[in-house]
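J.: Here is a sequence with its predicted model. Questions after.
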Amino acid sequence: MDNLIVYIFIFILGCAIGSFLNVVIYRVPLGKSIISPPSSCPKCGAKIKPWHNIPILSWIILGGKCANCKEPISIRYPIIEFLGGLLAVIIYMKFQKIDIWFAINLAVFYTLFALSIIDLDYKAVPDSLNLLALTLAFFSSADILQNIKNALLMMGLLSLIRFYVSYVIKKEALGEGDIIVAGTMGALIGLKPSLIAIFIASLIAIFPSLYIRIKNKDLELPFVPFLALATFIVWYFKDYFLYIWSILYE
Ligand SMILES: [Zn+2]
C-alpha cells in the first residue's frame, strides 16, 4: 500500500513536470522565457487560472477547450503530461528509491523528451536544451570522468561517420544536434549500450522513413526522437542488452 502511494505521488509529480515541459517545448524554440509570463491561451490571451492548470484533469474537465474563449486546446498537452508521469514512474521502477541519481537521470530523460518533441515540430533542436542534457548526463552516475570520456568518444565517432557519409552522399548527413545527443547517450548509458541504442534507433526509424518514401512525401525525418526512445529502452534493459552483446561478440 505504501508503495502504491509512492507510485501515485511520483506519477502526479511527473505529470506536473510534463506540464512544465509543455511550456518548455512551446517557448524555448521561440526564444521566450520559460518562467514569465504565466501561461495564457494562445488564442484569446486569457491567463490560465491555477485550477485550470491541473495536469490532464483540467483538459478533460474543460472538454479540451479554453475556459474563456472555447478555442480547442490540442490533446497533445495532456498526452505530454501523461507521458511525463509515466516516465517518472518507469524511472522510479528502475531505481526503487528517490536519490540524487534518480533525480539526475530523470532530468536527462525529461530533457531528451522535450528535445524529441521539439525535433518533431521543427526538425531541429535548440543547443541550450541539448547541452543541458549532455551536461546533466556527465553527472548521471558516480564515475563522472568515465561519463565524460564516453561522451567524447560517442561524439567523435558520430562526427567521423558524419564526415564520411556526407562526403559519399554529397550532402549534410546527421545534424549537429544528433552529435550532441550521441554524447548524452555515451555519458548516460556507456559505449556499448550507446552503439546498441543507435542500432535500435535506426531500426525503428526504418518504418517511418519507408512510409515517407512510399507515400512520396517530401518530409524530413527527425532522428532525435528515435535516439531518445532507443536510449531509454537500452537504459532500462541495459543488463539484458549487454548480455546479448556478450553472446554475440565475446
Ligand atoms: Zn482562450
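T.: Thanks, I have the structure now.
J.: What parts of this structure come near the ion?
T.: Counting by CB under 5 Å from the ion, the positions of the chain adjacent to the ion are Cys41, Lys43, Cys44, Cys66, Asn68, Cys69, Glu71. No exception for glycine: its C-beta is placed from N, CA and C like everyone else's.
J.: count of residues packed around the first one?
T.: Pointing back at Cys41 there. Cys41: 18 surrounding residues under other CB atoms under 10 Å.
J.: What of the third one?
T.: Cys44 is surrounded by 12 other residues when neighbours are defined as other CB under 10 Å.
J.: quick one: contacts for it?
T.: Contacts for Cys44 (CB atoms under 8 Å, 6 or more residues apart in numbering) come out as Cys66, Asn68, Cys69, Glu71.
J.: Quick one: which of the residues you listed is the most crowded by neighbours?
T.: Counting neighbours by other CB under 10 Å, Cys66 leads the contacts of Cys44 with 18 neighbours.
J.: Now that one. Nearest residue, chain neighbours left out?
T.: Cys41 (4.4 Å; CB to CB, 6 or more residues apart in numbering).
J.: Can you dump the C-alpha atoms of stretch 20-31 in PDB for me?
T.: C-alpha atoms of stretch 20-31 as PDB (Å, rounded to 0.1, in the frame of the first residue of the first chain):
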ATOM      1  CA  PHE A  20       6.200  22.400 -17.400                       C
ATOM      2  CA  LEU A  21       7.700  20.600 -20.400                       C
ATOM      3  CA  ASN A  22       4.700  21.800 -22.500                       C
ATOM      4  CA  VAL A  23       5.900  25.300 -21.600                       C
ATOM      5  CA  VAL A  24       9.500  24.500 -22.400                       C
ATOM      6  CA  ILE A  25       8.600  22.800 -25.800                       C
ATOM      7  CA  TYR A  26       6.500  25.800 -26.800                       C
ATOM      8  CA  ARG A  27       8.700  28.600 -25.600                       C
ATOM      9  CA  VAL A  28      12.300  27.600 -25.900                       C
ATOM     10  CA  PRO A  29      12.400  27.300 -29.700                       C
ATOM     11  CA  LEU A  30      10.800  30.800 -29.900                       C
ATOM     12  CA  GLY A  31      13.400  32.200 -27.600                       C
END
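J.: which stretches of the chain aren't confidently modelled?
T.: For the chain, the stretches with pLDDT under 70 are 1.
J.: Break down it into its helices, ranges please.
T.: All helices of the chain, identified by DSSP state H, fall at 2-27, 57-61, 76-95, 100-122, 127-138, 144-169, 176-189, 191-214, 224-236, 238-249.
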